[in-house]
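In: Predicted coordinates and the sequence they were generated for:
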Amino acid sequence: MKNKSSSKLHELLLPAGTLEKAKYALQYGADAIYIGPKAYSLRARSSNFDIKDIKEIVDYSHQIGKKVYVALNIICHNADVRSFENYFKKISETNVDGVIVADPFIVKTISKINKNIEIHISTQQSVTNSKACRFWKKNNATRIVLGREVSYDELKLLLENLNNEIEIEYFIHGAVCISYSGRCMMSNNFSLRDANVGGCAQSCRWKYEIVNKELENITDKYFTMSPKDMELIMNLDKLLDLNIASFKVEGRMKSIHYVASVANAYREFIDSYNNNVNFDKNMIKQ
């Protein structure tokens, strides 16, 4: 293991669907959390945060030297555009550390209102190459959250090409869309719930039956398109050798137990790596 002096390279970023979950995530090892406000966030069915709650968790996090990012990552329809500027001004007043965004309109509006806030381009933008990263940097982005479909080899090449020009955030744990980073129309078509404004019905996790006369004799006719979550803790040492600013866990709708246990496991791994302690990965499986 290599000794890394800069903790910034190893930010552990956890989800928080409620104020209580946010505090558990921070207490169990997260360096930063990301939360969704009541509007403009892709987890509309999560409890989410009103402005007062955002202010409370920001103040709490800053007191213990940690960060809060707010997800404003919907793809806007016309009805979403009208009230965004006033809504963001209220969020900006809470002193959040950064915003996670996908829509170019939202990026432009945030840049106009608060030039000092960090702008993180959401995985919803499906950024998978260094040229796209540079495009968003020119449009005031400070960090890119890569698409979850970026492989390890692609990640290495992308980082080499960028040569530290912009921060990179990489998913290490949680759900993986079968579509390009959430740009799926299944939920819209089956449930009339728009995934890109926060209403995803997770249709890829439903059970489907194979209907084909030529396959009548198969024993298992049922399948799920996206049955498993990502879990990269067994490969985290390889990722820690790369110049990645933040390691992200998905799951703002998950339980407190999920948030706390996942945060604790990755925190122990990262700290052991940083301190040159031999971390027994086999213990994780137990």
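Out: Cool, got the structure. Residues are numbered from 1 along each chain as shown.

In: Do a quick rundown of the strands in the stretch 101-250 of the chain.
Out: For the stretch 101-250 of the chain, the strands defined by DSSP state E, counting those that start in this stretch cover 118-121, 143-145, 167-174, 208-209, 222-223, 230-231, 246-249.

In: could those strands go into TSV alongside mean pLDDT, mean neighbour count and distance to residue 161?
Out: From N, CA and C alone the C-beta is placed, and that goes for glycine too. Shown next, in TSV, are those (pLDDT from 0 to 100; neighbours: other C-beta atoms under 10 Å; distance: least, C-beta to C-beta, whole Å):
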stretch	mean pLDDT	mean neighbour count	distance to residue 161
strand 118-121	98	24	17
strand 143-145	98	26	13
strand 167-174	95	22	11
strand 208-209	80	10	39
strand 222-223	76	9	38
strand 230-231	90	13	24
strand 246-249	97	24	19
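
In: Tell me which of those lies nearest to residue 264.
Out: For residue 264, the closest of the strands of the stretch 101-250 of the chain is strand 246-249, at 11.5 Å, according to C-beta to C-beta.

In: mean confidence score for the very next helix or strand once past the closest one?
Out: The helix or strand immediately downstream of strand 246-249 is helix 256-274, counting by DSSP states H and E. Averaged across helix 256-274, pLDDT comes to 94.

In: what about the chain, any weak spots by pLDDT?
Out: 1-9, 43-47, 180-182, 195-199, 212-220, 227, 278-286 (pLDDT under 70).

In: I'd like the strands of the stretch 101-250 of the chain laid out as a markdown table, including distance to residue 24.
Out: Shown next, in a markdown table, are these (distance: least, C-beta to C-beta, whole Å):
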| stretch | distance to residue 24 |
| --- | --- |
| strand 118-121 | 23 |
| strand 143-145 | 23 |
| strand 167-174 | 16 |
| strand 208-209 | 35 |
| strand 222-223 | 35 |
| strand 230-231 | 20 |
| strand 246-249 | 13 |
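
In: Looking at the ones you listed, which is nearest to residue 154?
Out: Of all the strands of the stretch 101-250 of the chain, strand 167-174 sits nearest to residue 154, with 11.1 Å by C-beta to C-beta.

In: Just the CA trace of the closest one, in CSV.
Out: C-alpha atoms of strand 167-174 as CSV (Å, rounded to 0.1, in the frame of the first residue of the first chain):
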residue,chain,number,x,y,z
GLU,A,167,-11.7,16.5,-9.9
ILE,A,168,-13.2,13.1,-10.6
GLU,A,169,-15.8,11.3,-8.5
TYR,A,170,-16.3,7.6,-8.9
PHE,A,171,-19.1,5.3,-7.7
ILE,A,172,-17.9,2.4,-5.6
HIS,A,173,-21.1,1.0,-4.1
GLY,A,174,-24.8,0.8,-4.8
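
In: Thank you, goodbye.
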